Each structure stands twice: as C-alpha cells, then as structure tokens.
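Asks: after the sequence you'll find the predicted model.
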Amino acid sequence: MEINNNILKHYLKVAQNMNYEIMKLEPQNFHKLDNIWDMSKHKEMSEIWHKQLISGNRIIFVYCENGEYLGQGDLVCDMNDPDYTIANKRIYLSRMVVKNEYRNRGIGKIILDYLIYYARNLGYTEISLGVDIDNIGARWLCEKNGFTNIIYTGEDSDGKYVKLLKVL
C-alpha cells in the first residue's frame, strides 16, 4: 500500500509550524522511547515491539517538542487476530502513550488523529484498538473519535478490556 507523500509532507509541515513534530521512528532510535515510558519495566514486550518495528509489521510514530519524545503511537499490520487485523482492510492501533507530565494537553488526540490519517492513506478501511475498561480517559478519547463498535470484551492479566473498531 502506498501513502500519498505530498499529503504526508503537508501534514508534517503543519505539525512543525505548531511547535511539535510527528516523526516515524527508525529502528535505531527505538531506545529513545524510554523518555516516554520505562522500557525496563516492559523489557519482554519492548523486545517484541522492536522486532516488529525492524520487520516492518509495526510502524511507530513519536510526538516531539523541541526534539524531546513526549508521545508515541503504533500501528500494526498483522496481529494474527482478526479482531485486530485483517490484511489490507483492518490495521491495529497497538500503543498510544503520552509521557505522564504531558498528559491532558491534547497530545493524545493529535497522535490519534495522525494514526487514523496515516492508516486511511495506507488504504485501510478499518482501524481497531484495545483499551482497558478502567482507563476512562483513553476510552473516552477513543469513543469520542469514532471507536464506537465493541467487537470483543475480555480479560487478561492486566484486567478487563474491550476491543473497539472504527470504520475509516
């Protein structure tokens, strides 16, 4: 799938004029995500995500202000779970995190909007995500932005969660 590079460059130029930048993360800069979240607490998952980034299955974007990584959003093409991904149709929004002291400033919304935009321009017609039921802020943000179809409710070691779907 091809993305319209002219539209992408325009979006990035607009972002830069607003004192922030959204950058596609290169695998050699993966360690810099430690500025956003403590990678040592999630070592096993960090290794999996890094391998997915290297393979091209995971696309990571970072929100930066003055060169500092403050937020992250990931898209995954294949999760081997049709609730999350369907080849060339449904992409998975895997991670969206904002550094604690920068939350409630609209950064999450900016990242979410960008991920939706990027997925749409890759040709996907649906985007899915999973959110913990007790994460009220994240769930509100997602539902407000069109993730209103509940496709699964479950529980894992982190607690109860829902899988939500947005048609693009």
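Replies: Arrived safely.

Asks: now Gly146. Nearest residue, chain neighbours left out?
Replies: Beyond its immediate neighbours in the sequence, the residue positioned closest to Gly146 (Cβ to Cβ, 6 or more residues apart in numbering) is Lys166, lying 4.4 Å away. Quick note: C-beta positions are derived from backbone N, CA and C, even for glycine.

Asks: which ones are touching the one you found?
Replies: Residues counted as contacts of Lys166 (Cβ atoms under 8 Å, 6 or more residues apart in numbering) are Ile116, Glu126, Ile127, Ser128, Asn145, Gly146, Phe147, Thr148, Asn149.

Asks: ranges for the helices of the protein?
Replies: Secondary structure of the chain by DSSP state H: the helices cover 5-17, 43-55, 107-121, 136-144.

Asks: determine which stretch of those is the most buried.
Replies: Most buried of the helices of the chain by mean neighbour count (mean count of other Cβ atoms under 10 Å) is helix 107-121; its value is a mean of 19.

Asks: for that one, name the packing helices and strands.
Replies: Helix 107-121 sits against helix 5-17, strand 21-24, strand 58-65, strand 68-76, strand 90-98, strand 126-132, helix 136-144, with contacts defined as 3 or more Cβ pairs under 8 Å, 6 or more residues apart in numbering; DSSP states H and E.

Asks: try 6 Å
Replies: Using 3 or more Cβ pairs under 6 Å, 6 or more residues apart in numbering; DSSP states H and E as the contact test, the elements touching helix 107-121 are strand 68-76, strand 90-98.

Asks: among these, which is the most enclosed?
Replies: Stretch with highest mean neighbour count among the helices and strands packed on helix 107-121: strand 90-98 (a mean of 23; mean count of other Cβ under 10 Å).

Asks: follow-up on the earlier one: quick one: buried ones out of the contacts of Lys166?
Replies: If you count burial by 16 or more other Cβ atoms under 10 Å, the buried members of the contacts of Lys166 come out as Ile116, Glu126, Ile127, Ser128, Phe147.

Asks: relative to Met39, how far out is the fourth one?
Replies: This points to Ser128. In this structure, Ser128 and Met39 are separated by 25 Å, where distance is defined by Cβ to Cβ, to the nearest Å.
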